[in-house]
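A.B. asks: dropping the sequence and predicted coords here.
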Protein chains: 2
Amino acid sequence: MKRTVTRLADGRDLIYFDRQDGANRSAPDTRTLPPPPLSSELRRDRLLGEWVTIAAHRQDRTHLPPSDQCPLCPSVPGRPTEVPASDYEVVVFENRFPSYSGRPPAEMDGVTPGLGRCEVVCFSSDHDASFATLCPSQVRTVMEAWADRTAELSALPGVAQVFCFENRGAEIGVTLAHPHGQIYAYPFVTPRTERMLGVARAHRERTGHDLFADVLAAERAAEVRIVASNDLWTAFVPEAARWPFEVHVFPHRKVPDLAALSAAERDAFGPLYVDVLNRLDRLFGVPMPYVSAWHQAPVSTDRDLAYLHLQLFSTRRAAGKLKYLAGSEAAMGAFVNDIYPEDAARRLRAAVEKEPSSGADTP
Amino acid sequence: MKRTVTRLADGRDLIYFDRQDGANRSAPDTRTLPPPPLSSELRRDRLLGEWVTIAAHRQDRTHLPPSDQCPLCPSVPGRPTEVPASDYEVVVFENRFPSYSGRPPAEMDGVTPGLGRCEVVCFSSDHDASFATLCPSQVRTVMEAWADRTAELSALPGVAQVFCFENRGAEIGVTLAHPHGQIYAYPFVTPRTERMLGVARAHRERTGHDLFADVLAAERAAEVRIVASNDLWTAFVPEAARWPFEVHVFPHRKVPDLAALSAAERDAFGPLYVDVLNRLDRLFGVPMPYVSAWHQAPVSTDRDLAYLHLQLFSTRRAAGKLKYLAGSEAAMGAFVNDIYPEDAARRLRAAVEKEPSSGADTP
């Protein structure tokens, strides 16, 4: 794996990840760019005791450009993009419209700056690809990039948690169609992680057991909600799924974050995950909108309590219908799911590739 | 106020609220309806320690019918709706596709039934009205209905919290355009309420003060985020707003729920709230999608800690753009807001009715 660190015209880092050592990554960014925006502001929600980030500069971010204006495609003569090279495998760069950055305003004035970092991960140079169409070696390169960024961002001053994720589909607000994910290096431990670790701590005190390992073992024993598995990973619909189609993917070995995965675990993840993504896309015969979220341990607290896992969920509940978060979910945090988790798992297991010569009794 | 309790053809309750005693509410439901569905199922999210409701029968609920098929309009000869009367002021009935109900399945089999109740509140018989167009006396009737239902549903066995809310706009998934709200009588205290009360308890132990009263006093003193107020209520954008346009409306007197509001407080709420709703609709010159959520005390716990307030928020962040909950919000609970709360408050204060003869310097 070759890793090449360069800089964009406005000083942001850009890092190429290449399988072969020979890649030439010397192409310069020829654009004239304004300096990146200063840090956002953190504010404490006093009623909930949680941080909220106010990032007003993001209001102007690029919004659904036509595909010939895509800023994530490789540069071509006369049209420089965010990636100076004429082609790439996997590339990571600092987000131009970040929710967190290392550039606090000079005048602090009682404001808590949103220090941290936001990065974009381009999964492929092919604008029309998707994660589900990546070949195993390409997924492996993405995993190397995720692990590399998790380790490096965890070492930045003030970073409390690193979150690698993909939002996919205009239905959930994705503003760039090019296959890409994002990484948020937060200056605080996120509310969901705080709650999960609180539950895990209570579970350990009460039972002496690891919460996540107990849940994984229970799902593997129950079988009914398992979607796919191999020797090192299991993908299942959680017993109390919040979303119409939600899948959790756990490594069988407990590790705190992506950087701690072994080479064998990194190899084994891609084929399983791509299989699950393709099953999702086959459910209704249309590309599914989804959020795919890596839950990692905080950088410096509770590393022994946390258990790396991926949470993948779609908001599509039927061919023409989306699940919206309205009153009960958005205001009260009380989720109502219209689909039985066992049904969701059954439908995902049945969503196999249709072969023209296959029998007629496939569901 | 006249309150008339009747039954629909499938046994669900329907209650008319009329300002005058003379209203004749004897029209029968002439439809033949199947029995209402049995209770949903509660499942415990083991990683977060929260209840999730699985309500599979809701998957078939009515979805964006044409306006001449609206089930919330009054009945007309040949087209009976959910409301048998030929006209009404405010009417409440049990939801035909409820997330919670009092009808548990006969075979329980280790399942925790979603006992409780879901009701629909029709704010007006006029299909094309909205809450923002209601006259003060109509809003007062809605408040009577909310207070009545809060008191009555709180007394049902197993109900732990009553939630009155309105989802407005197809953008957030509203499936019926007729102006209406909903009431959920939950069999558990909702996750947001649990967290707020936990913070309020810690605040009281640390300071001896009431958290909500302190926040309200701080906002009234700071002034900069206040949108509107009168002698009994204040509407402000919270300092750490999560949504592009979010307004909290607090009564100045601490009460646990809507049933505890005085007649004067009920009178004073409507004009203020309708003013705020109209300001929202004027921001971009289009009807704003919103969630309007009454946060009430649990039925039997922490009634002294909770403080009734309304949380109103829109997902629209610009004329052509919506705020979506994607990775950071939906998976990590970490909200990023693109609009400064002070800017949102300023814009809402400036969103006054345009008069043709007014000066040219109105923002």
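C.D. replies: Cool, the structure landed. Numbers count the residues shown, from 1 in each chain, chains lettered A, B, ... in the order given.

A.B. asks: so what's the residue in the stretch 151-300 of chain A that chain B sits nearest to up against?
C.D. replies: Nearest residue of the stretch 151-300 of chain A to chain B: A:G173, at 2.8 Å (Cβ to the nearest Cβ). Quick note: C-beta positions are derived from backbone N, CA and C, even for glycine. Going by Cβ atoms under 8 Å, 6 or more residues apart in numbering or on different chains, A:G173 touches A:167, B:322-324, B:326.

A.B. asks: where along chain A do the helices fall?
C.D. replies: Using DSSP state H, the helices of chain A run over residues A:136-154, A:191-207, A:211-222, A:263-283, A:332, A:341-350.

A.B. asks: mind putting the ones you listed into TSV with distance to B:T6?
C.D. replies: Putting the helices of chain A into TSV (distance: least, Cβ to Cβ, whole Å) gives the following:
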stretch	distance to B:T6
helix A:136-154	60
helix A:191-207	44
helix A:211-222	46
helix A:263-283	43
helix A:332	30
helix A:341-350	37
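
A.B. asks: buried deepest among the ones you listed, which one?
C.D. replies: Most buried of those, by mean neighbour count (mean count of other Cβ atoms under 10 Å in any protein chain shown): helix A:332, with a mean of 22.

A.B. asks: can that helix be found next to chain B?
C.D. replies: Yes - using Cβ under 8 Å from any Cβ of the partner chain, we find that helix A:332 touches chain B at A:M332.

A.B. asks: mean confidence for stretch A:113-128?
C.D. replies: Here stretch A:113-128 scores 96 as its mean pLDDT.

A.B. asks: what do you get for stretch A:245-263?
C.D. replies: Mean predicted confidence for stretch A:245-263 is 98.

A.B. asks: can you give me how far that stretch is from the chain middle?
C.D. replies: Relative to the chain's own centre, stretch A:245-263 is displaced by 13 Å; criterion: Cα atoms, centre = their mean, to the nearest Å.

A.B. asks: in that stretch, what counts as buried?
C.D. replies: A:245-252, A:254-261 (16 or more other Cβ atoms under 10 Å in any protein chain shown).

A.B. asks: straight-line length of that stretch, end to end?
C.D. replies: 29 Å (Cα to Cα, to the nearest Å).

A.B. asks: let me see the contact set for A:E342.
C.D. replies: A:224-225, A:237.

A.B. asks: 10 Å instead?
C.D. replies: By Cβ atoms under 10 Å, 6 or more residues apart in numbering or on different chains, the residues touching A:E342 are A:222, A:224-225, A:237, A:239, A:241, B:54.

A.B. asks: just A:I54 next, same as before
C.D. replies: A:40-43, A:99, A:111, A:114, B:239-242, B:335-343.

A.B. asks: thinking again about what came up before, for the helices of chain A, which one sits closest to B:G49?
C.D. replies: helix A:191-207 (4.5 Å; Cβ to Cβ).

A.B. asks: among the contacts of A:G173, which are in strands?
C.D. replies: Of these, the ones assigned to strands by DSSP state E are A:167, B:322.

A.B. asks: can I have the buried ones of the contacts of A:E342 as a ChimeraX selection?
C.D. replies: Buried subset of these, written as a ChimeraX selection, criterion 16+ other Cβ under 10 Å:
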select /A:225,237,239,241 /B:54
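
A.B. asks: farthest pair within the contacts of A:E342?
C.D. replies: The span of the contacts of A:E342, defined through Cβ to Cβ, is set by A:A222 and B:I54 at 15.8 Å.

A.B. asks: A:D343 reaches A:V237, doesn't it?
C.D. replies: Yes - applying Cβ atoms under 10 Å, one finds A:D343 in contact with A:V237, separated by 9.0 Å.

A.B. asks: what do these two both touch?
C.D. replies: A:R225.

A.B. asks: tell me which residue lies nearest the centroid of chain A.
C.D. replies: A:F165 (1.0 Å; Cα atoms, centre = their mean).

A.B. asks: tell me the contacts of that residue?
C.D. replies: With Cβ under 10 Å, 6+ apart, A:F165 has these contacts: A:121, A:181-184, A:291-295, A:310-311, B:326-328, B:330-332.

A.B. asks: go on, A:V90?
C.D. replies: A:1, A:15-19, A:121-125, A:134, A:138-146.

A.B. asks: same question for A:A85.
C.D. replies: Shown in contact with A:A85 (Cβ under 10 Å, 6+ apart): A:4, A:6, A:14, A:16, A:18, A:23-27, A:74-75, A:91, A:125.

A.B. asks: which of the buried residues of stretch A:245-263 fall in strands?
C.D. replies: A:245-251.

A.B. asks: is stretch A:113-125 anywhere near chain B?
C.D. replies: Yes - legend: contact between stretch A:113-125 and chain B by Cβ under 10 Å from any Cβ of the partner chain is shown at A:114, A:118.

A.B. asks: and that stretch, how far from the chain's centre?
C.D. replies: That offset, for stretch A:113-125, works out to 11 Å (Cα atoms, centre = their mean).

A.B. asks: tell me the domain boundaries of chain A?
C.D. replies: Following automatic domain parsing, one finds the domains of chain A at A:2-189, A:192-350.

A.B. asks: ranges for the strands of the stretch 51-200 of chain A?
C.D. replies: A:90-94, A:112-114, A:117-122, A:161-168, A:180-186 (DSSP state E, counting those that start in this stretch).

A.B. asks: next, count neighbours for the closest residue to A:T30 other than its chain neighbours.
C.D. replies: The shortest distance from A:T30 to any non-neighbouring residue, by Cβ to Cβ, 6 or more residues apart in numbering or on different chains, is to A:P80 (5.2 Å). For A:P80, the neighbour count with other Cβ atoms under 10 Å in any protein chain shown is 17.

A.B. asks: distance check, A:P80 against B:R149.
C.D. replies: 61 Å (Cβ to Cβ, to the nearest Å).

A.B. asks: and the residue nearest to A:L232 when sequence neighbours are not counted, what is it in contact with?
C.D. replies: Among residues not flanking A:L232 along the chain, A:A268 sits closest, at 4.3 Å (Cβ to Cβ, 6+ apart). Contacts for A:A268 were tallied using Cβ under 10 Å, 6+ apart; they are A:136, A:230-233, A:251-252, A:261-262.

A.B. asks: now do A:P28
C.D. replies: A:6-9, A:75, A:80, A:84.

A.B. asks: next: A:R347.
C.D. replies: A:227, A:237, A:245, A:279, A:282-283, A:339, A:363.

A.B. asks: export those residues to TSV and append columns for distance to B:D304.
C.D. replies: What follows is these, written out as TSV (distance: Cβ to Cβ, whole Å):
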residue	distance to B:D304
A:V227	47
A:V237	41
A:F245	42
A:R279	51
A:R282	54
A:L283	49
A:I339	40
A:P363	55
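
A.B. asks: let me know the closest of these to A:E107.
C.D. replies: Nearest member of the contacts of A:R347 to A:E107, counting by Cβ to Cβ, is A:F245, at 47.2 Å.

A.B. asks: can you list the low-confidence ranges for the stretch 51-200 of chain A?
C.D. replies: For the stretch 51-200 of chain A, applying pLDDT under 70 flags the ranges A:58-64.

A.B. asks: ok, 50 please
C.D. replies: For the stretch 51-200 of chain A, no stretch is flagged by pLDDT under 50.

A.B. asks: spell out which parts of the stretch 251-363 of chain A neighbour chain B.
C.D. replies: A:289-295, A:307, A:309, A:311-313, A:315, A:317-318, A:320-343.
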